[in-house]
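Colleague: Just a sequence and a predicted model for now, questions to come.
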Amino acid sequence: MAGRLAGKVALVSGGAGGCGLAASELFAAEGAAVGIVDLPGSAGEAVAARLNAEGYRAAFAAADVSDEAQVAAAVAVLSAALGPVTVLFNHAGTIVIKPFLETTLDEWDRLMAINVRSMFLMTRAVLPQMITAGGGSIVCTSSISAVAATPMEVLYDTTKGACHMFARAIAVEFRDRNIRCNAVCPGFIQTAHGQREVEALTRYGVDVSDAAIAAQQGRMCRPDEVAKAALFLASDEASFISGTHLFVDNGFTAI
């Protein structure tokens, strides 16, 4: 039985760890040739080698996805190796957690570069290939933080609000080119990134205890649950879904 991404070439930014890794593995298992874009010091090369050894098609290109030249080079390398890109998962991102009045302009610029500029650069780099191929699907990792503000996360919340509107605007502008764009919006996630977030918020007195998480979303979200949501949005099963925000938060934002 063919996978849900059979015949597609999928690029995953931040695809070497956490939810990005879960997506790289799942997209490959569902039939896509997977291009992993991650930092030079990441496990990206090892992940691609393992996927190839398991019988899938995968390649890795190291890049700081906030850097225009590095993004262009990575997309060129991966599309040459795997073919024209028809699925893009803009997953790369990070977080700053501290009182707003203690944040610096450098932190603002860095977070905007990694969380927002990277989406712009990656999407702009692959869109011409999608248009030539006759269509494609873009998924951007947003967060509950786009709509549910958390103390100590003003900078992060702002970047995820930008992600929300970026996905909508791309969807509207490129609908007639058969290109869809959506955002997947996780709650608190059981990854190294998610654990660091919980630890940092706790240090600043924000209640993200097990009991608080249980009250808000039942439990921590697993990386594979985010990957499965991204897979749905990337696949043809979501052929009439574009410009939407899919919350993977077990009711966090419904309370």
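Modeller: Received the coordinates, thanks.
Colleague: buried set for stretch 70-83?
Modeller: Gln70, Val71, Ala74, Val75, Val77, Leu78, Ser79, Ala81, Leu82, Gly83 (16 or more other Cβ atoms under 10 Å). (Each C-beta comes from the backbone N, C-alpha and C, glycine too.)
Colleague: Any figure for the gap between the fifth one and Ala61?
Modeller: What that stands for is Val77. Going from Val77 to Ala61 by Cβ to Cβ, to the nearest Å gives 5 Å.
Colleague: again, but for the first one
Modeller: Gln70 sits 9 Å away from Ala61 when distances are taken as Cβ to Cβ.
Colleague: Are we agreed that Leu231 is in a helix?
Modeller: Yes: Leu231: assigned to a helix according to DSSP: H, G, I helix; E, B strand; the rest coil.
Colleague: Pull up the gap between it and Asn182, please.
Modeller: 12 Å.
Colleague: And for Ser143?
Modeller: Counting by Cβ to Cβ - Ser143 and Asn182 are separated by 14 Å.
Colleague: Of those two, give the one with the bigger neighbour count.
Modeller: The neighbour count for Ser143 versus Asn182, taken as other Cβ atoms under 10 Å, is higher for Ser143 (30 against 26).
Colleague: could you check the distance from the closest residue in space to that one that isn't next to it in sequence over to Asn115?
Modeller: Closest residue to Ser143 apart from its sequence neighbours, by Cβ to Cβ, 6 or more residues apart in numbering: Lys160 at 4.4 Å. Using Cβ to Cβ, Lys160 is found at 7 Å from Asn115.
Colleague: Pull the contacting residues for Ala48.
Modeller: Val34, Ile36, Ala58, Ala59, Phe60 (Cβ atoms under 8 Å, 6 or more residues apart in numbering).
Colleague: cool, and Asn178?
Modeller: With the criterion set at Cβ under 8 Å, 6+ apart, Asn178 makes contact with Gly134, Gly135, Gly136.
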